[in-house]
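**Q** Provide a 3D model corresponding to the input given below.
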Amino acid sequence: MAERRMFAKSIVLSDAFLDMPLSARCLYFTLGMMADDDGFVSGPKSIMRQCGASEDDMKMLLAKRYILSFESGVIVIKHWRINNYLRSDRYQQTTYIEEKDTLTLDQKGAYTEINKVGIPSMGIPSIGKDRLGKDSKEKNIKKFVPPTFEEVKAYSEERGNKVDPQFFFDYFTEGKWVDSKGNPVRNWKQKMVSWEKHNPPKPVETNKKIHNFNERNYDYEALKREMGITT
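**A** Residues are numbered from 1 along each chain as shown. So this is what the prediction gives:
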């Protein structure tokens, strides 16, 4: 993870940012310094207490959408890509892959949610939840369409990875496209990329031998005669 962090003047010198209390601005800078190379921060409440900020400061950053939060308790700096740019040789991808899967970049390069329903958490009311009507929620929900095996195989071959496409397809199909944490899969291609970087489940070997000796054919009648058995 990089040791240096940057903050864009267009963000931290804007009227909207400067209108916030000094404690909320301090919290934003501290979260920015503690974030990983994709702008994600774990344990934000602990950081809040360390820098002397209050929960109201955290709520203000959420309300003004300087940060976005997730059900897992992780937060992300919304304008991270505007504030920071890292060379590829210094960049280390975030470990919060599933949270990142729910985000996209807007035209300005800021993070925004693909599906805004149920993302904010940490015991703090969802931002904009009271402003989102039923029609708006349904419009923002992107329905997941499971891939065919041919699509999975083609993508695996395109990436040239070592993931077994048949096992990948069977694993998620039988699990109704829910991951190991019980979360619905939203982006199966990103899930395959994650399998490349971590150890995926292994296929069960059904025909594995349980002994290490060679099988022999015996002449049982000859054995009986040799042992004096007449019946």
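**Q** For Glu98, what are phi and psi?
**A** phi -70, psi -40 (degrees, to the nearest 10).
**Q** Near Asp170, how many other residues are there?
**A** A total of 14 residues lie near Asp170 under the criterion other CB atoms under 10 Å. For every residue, glycine as well, the C-beta is placed using N, CA and C.
**Q** how close does it get to Trp195?
**A** 13 Å (CB to CB, to the nearest Å).
**Q** cool, Asp38 as well?
**A** Between Asp38 and Trp195 the distance, using CB to CB, works out to 19 Å.
**Q** These two: which is more packed in?
**A** In this view Asp38 and Trp195 are compared by other CB under 10 Å, and Asp38 has more residues nearby, 22 against 19.
**Q** how close does that one get to Val74?
**A** When distance is defined by CB to CB, Asp38 is 11 Å away from Val74.
**Q** repeat for Lys59
**A** For Lys59, the distance to Val74 - CB to CB - is 17 Å.
**Q** quick one: which of these two has more around it?
**A** Neighbour count, other CB under 10 Å: between Lys59 and Val74, Val74 has more, with 22 against 15.
**Q** Enumerate every residue touching that one.
**A** Going by CB atoms under 8 Å, 6 or more residues apart in numbering, Val74 touches Phe40, Val41, Ser42, Pro44, Tyr96, Glu99.
**Q** How about Pro146?
**A** Contacts of Pro146 by CB under 8 Å, 6+ apart are Phe172, Thr173, Trp177, Trp188.
**Q** Now do the SS call for it.
**A** Secondary structure, DSSP: H, G, I helix; E, B strand; the rest coil: Pro146 is coil.
**Q** Now do it against Lys176, distance only.
**A** Distance, Pro146 to Lys176, by CB to CB: 9 Å.
**Q** got any ranges where this protein has weak pLDDT?
**A** Screening the chain residue by residue with the criterion pLDDT under 70, one finds the ranges 1-3, 85-91, 115-142, 199-220, 222-224, 226-231.
**Q** where along it do the helices fall?
**A** Secondary structure of the chain (DSSP state H): helices at 9-12, 15-18, 22-34, 44-50, 55-63, 80-83, 97-101, 134-140, 149-159, 165-174, 188-197, 220-226.
**Q** Now tabulate those helices in a markdown table and tack on distance to Lys181.
**A** As requested, the helices of the chain are exported to a markdown table (distance: least, CB to CB, whole Å):
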| stretch | distance to Lys181 |
| --- | --- |
| helix 9-12 | 33 |
| helix 15-18 | 35 |
| helix 22-34 | 24 |
| helix 44-50 | 20 |
| helix 55-63 | 24 |
| helix 80-83 | 24 |
| helix 97-101 | 7 |
| helix 134-140 | 23 |
| helix 149-159 | 21 |
| helix 165-174 | 13 |
| helix 188-197 | 12 |
| helix 220-226 | 57 |
